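> Next one to model:
(chains A and B)
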Amino acid sequence: SQKIEQNSEALNIQEGKTATLTCNYTNYSPAYLQWYRQDPGRGPVFLLLIRENEKEKRKERLKVTFDTTLKQSLFHITASQPADSATYLCAPNNYGQNFVFGPGTRLSVLP
Amino acid sequence: DVKVTQSSRYLVKRTGEKVFLECVQDMDHENMFWYRQDPGLGLRLIYFSYDVKMKEKGDIPEGYSVSREKKERFSLILESASTNQTSMYLCASRNRAGNTEAFFGQGTRLTVV
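Reported below is the predicted structural model:
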């Protein structure tokens, strides 16, 4: 069955550094992959989408890569700020109705 | 401003009670989803619906049922609540295109005592 893993449950980094979060999937080939941000006590909020034929996507300080050979996506936040502290969820999915998420990585940016 | 609204933010129910969690979206989306979220387990899909009166099981449907009588409303039903159903429940919707973003409600924290 399909499996989604995110590199670590929690990640601490210093303000100003680049945070790199990893999403790995096995036993399927998603057509696209999304990243979401979730703050405590709230629902996830969409950040970025990347398709299987795209290698990289950028939005302001965010960058996402998608390597279908490695079955992996990397999510980077450059010049990180304490306000970036949140849980980040990846969602590698295929076209269709089902929609699943990875377990998330809790990022803490320390001032 | 697009919106997914869940009927309750916090709910406390007794074991054995029938519980209804309601979700309404105002974006005319075809697809709607119910998840539960527990520490260390992430978001787990309970049920989803891709049209009125249609439903599909997700990864953990046991102990739950759903109803979608109108396009904008998707209800999650706990037929007989148990303490292991204490969790955060999240509803989401998105359009039929399938690769578009999902919009989530604010969540319902359900405690079964």
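
> Specify the beta-bridge partners of A:Leu48.
With DSSP bridges as the criterion, A:Leu48 is bridged to A:Trp35.

> ok, it - contacts?
By Cβ atoms under 8 Å, 6 or more residues apart in numbering or on different chains, A:Leu48 lies in contact with A:34-35, A:57, A:59, A:62, A:64, A:75. For the C-beta atoms, the positions are set from N, CA and C on the backbone; glycine is no exception.

> can you check B:Ile46 too?
Residues near B:Ile46 by Cβ under 8 Å, 6+ apart: B:34-36, B:58-61, B:64, B:66, B:76.

> again, 10 Å this time
For B:Ile46, the contact set (Cβ atoms under 10 Å, 6 or more residues apart in numbering or on different chains) comprises B:33-36, B:57-66, B:76, B:87, B:89-90.

> Write the ChimeraX selection for whichever of the contacts of A:Leu48 are buried.
Paste this into ChimeraX to select the buried members of the contacts of A:Leu48, with burial taken from 16 or more other Cβ atoms under 10 Å in any protein chain shown:
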select /A:34,35,57,62,64,75
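
> any idea which of the contacts of A:Leu48 is the one closest to chain B?
Nearest to chain B, judged by Cβ to the nearest Cβ, of those is A:Gln34 at 6.7 Å.

> Hmm, that closest one is touching A:Tyr88, no?
No - using Cβ atoms under 10 Å, A:Gln34 is not in contact with A:Tyr88, being 11.0 Å away.

> what is in contact with the two at once?
Common neighbours of A:Gln34 and A:Tyr88, using Cβ under 10 Å, 6+ apart, are A:44, A:47.

> Mind checking what secondary structure B:Asn84 has?
Per DSSP: H, G, I helix; E, B strand; the rest coil, the secondary structure class of B:Asn84 is helix.

> Sweet, I'm off.
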